[in-house]
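> what follows is a protein structure lacking sequence information:
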């Protein structure tokens with residue numbers, strides 16, 4: 001299960017990110033911290049070439065514009081041609097027509113291996129509309145212990161409809177294909193006060209799947225567990241005067257030093 005974490009350090013996959021400018025630096029740093037290598041290229045004139053050089057592609061629609069949309073589609077089509085894994089982070093899908101349609105257009109390329117988003121974003125991709133609050137999930141959609149069974153079934157159905165792995169992150173994380181759903185309880189509530197933990201999680205998913213392409217479900221689950229566990233461990237090391245900026249840095253540091261043994265020991269999950 002956790003060999004995928006070792007595989008990243010052994011193979012050091014190059015991950016092409018077309019991501020949002022709010023979190024691009026953190027995405028690059030956490031990719032380096034886990035043992036992979038990031039490249040950020042979002043001009044349509046070179047995105048296909050860069051994708052060809054990389055082992056995986058991560059597309060994040062957090063700050064869309066008329067220049068990056070065709071670049072994302074070009075990279076996605078090239079990744080499909082090369083059978084490279086693609087992770088889609090549909091940030092804010094459901095908030096605007098542009099975000100929703102762009103996410104759907106990327107999915108329609110048939111290139112996406114895993115969609116990593118919050119529950120409202122995933123529901124939007126399935127139903128066409130959702131309860132997204134800005135770029136955050138709406139409280140009414142939250143995965144809870146009370147609706148966990150139904151949420152797991154939804155995740156499996158979403159995986160079937162989207163024809164890829166679905167990673168739904170929140171207070172309780174779900175990572176599913178059509179048959180199995182990992183229920184993951186790692187993480188810390190304070191992670192929600194840091195901009196970009198979701199973007200960083202998507203970067204880890206891309207790195208893990210690129211390092212272990214034959215087992216994408218397990219790789220995606222390991223990435224989500226690692227991000228949550230890093231949030232737990234980093235919070236324990238915060239000093240009394242430190243706030244969310246220090247917490248952000250400590251999460252990246254924790255990923256840098258996290259071993260497969262620590263992940264195996266600290267992961268909190270079950271399979272439904």
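That came through, no problem. A quick note: this is a predicted structure, and the numbers were derived from the prediction, not measured.

> tell me the pLDDT of residue 139.
The per-residue pLDDT reported for residue 139 equals 58.

> please apply the same query to residue 143.
pLDDT recorded at residue 143 is 86.

> residues contacting it?
Contact analysis of residue 143 by C-beta atoms under 8 Å, 6 or more residues apart in numbering lists 119, 151, 168, 170, 171, 172, 174. In this view, the C-beta of every residue, glycine as well, is placed from N, C-alpha and C.

> which stretches of the stretch 1-150 of the chain form helices?
Along the stretch 1-150 of the chain, counting by DSSP state H, counting those that start in this stretch, helices occupy 3-11, 24-34, 47-53, 68-82, 97-107, 119-127, 148-162.

> ok, which of the ones you listed comes nearest residue 60?
helix 24-34 (7.6 Å; C-beta to C-beta).

> what comes up buried for the closest one?
Across helix 24-34, burial judged by 16 or more other C-beta atoms under 10 Å covers 24, 26, 27, 28, 29, 30, 31, 32, 33, 34.

> what's the most distant pair in those residues?
Farthest pair in the buried residues of helix 24-34 (C-beta to C-beta) is 24 and 34. Separation: 16.4 Å.

> what sits against the residue nearest to residue 110 when sequence neighbours are not counted?
Counting by C-beta to C-beta, 6 or more residues apart in numbering, residue 110 lies nearest to residue 80, which is 5.7 Å off, once chain neighbours are set aside. Counting by C-beta under 8 Å, 6+ apart, residue 80 touches 86, 109, 110, 111.

> thinking again about what came up before, out of the helices of the stretch 1-150 of the chain, flag the one nearest residue 237.
Nearest to residue 237, of all the helices of the stretch 1-150 of the chain, is helix 24-34, at 15.3 Å by C-beta to C-beta.

> which outside residues touch that closest one?
Residues contacting helix 24-34 (C-beta under 8 Å, 6+ apart): 5, 8-9, 15, 17, 19, 37-38, 40, 58, 60, 196, 199-200, 203-204, 207-208, 226, 248, 251-253, 255-256, 258.

> please repeat the previous calculation with a cut-off of 7 Å.
Contacts to helix 24-34, defined as C-beta atoms under 7 Å, 6 or more residues apart in numbering, come from residues 8, 15, 17, 19, 37-38, 40, 196, 199-200, 203-204, 207, 248, 252, 255-256.

> that one versus helix 3-11: what angle between them?
90 degrees (axes from the mean of the first three to the mean of the last three C-alpha atoms, to 10 degrees).

> residue 18 and residue 73 touch, don't they?
No: judged on C-beta atoms under 7 Å, residue 18 makes no contact with residue 73 at a distance of 10.0 Å.

> between those two, which is the more surrounded one?
residue 18 (24 against 19; other C-beta atoms under 10 Å).

> apart from its neighbours in sequence, what residue is nearest that one?
Leaving aside its sequence neighbours, residue 18 sits nearest to residue 42 (C-beta to C-beta, 6+ apart; 4.7 Å).

> and that neighbour, what is it in contact with?
Residues near residue 42 by C-beta under 7 Å, 6+ apart: 18, 68, 71.

> nearest to residue 102, of these?
Proximity of the contacts of residue 42 to residue 102 was ranked by C-beta to C-beta; the top entry is residue 68 with 9.2 Å.

> nearest residue to the closest one in space, please, no chain neighbours.
Using C-beta to C-beta, 6+ apart, the closest residue to residue 68 is residue 42 (5.1 Å).

> and residue 223, how far from residue 147?
As judged by C-beta to C-beta, to the nearest Å, residue 223 and residue 147 stand 24 Å apart.

> what stretches of the stretch 101-250 of the chain score poorly on pLDDT?
Scanning the stretch 101-250 of the chain for pLDDT under 70 picks out the ranges 129-140.
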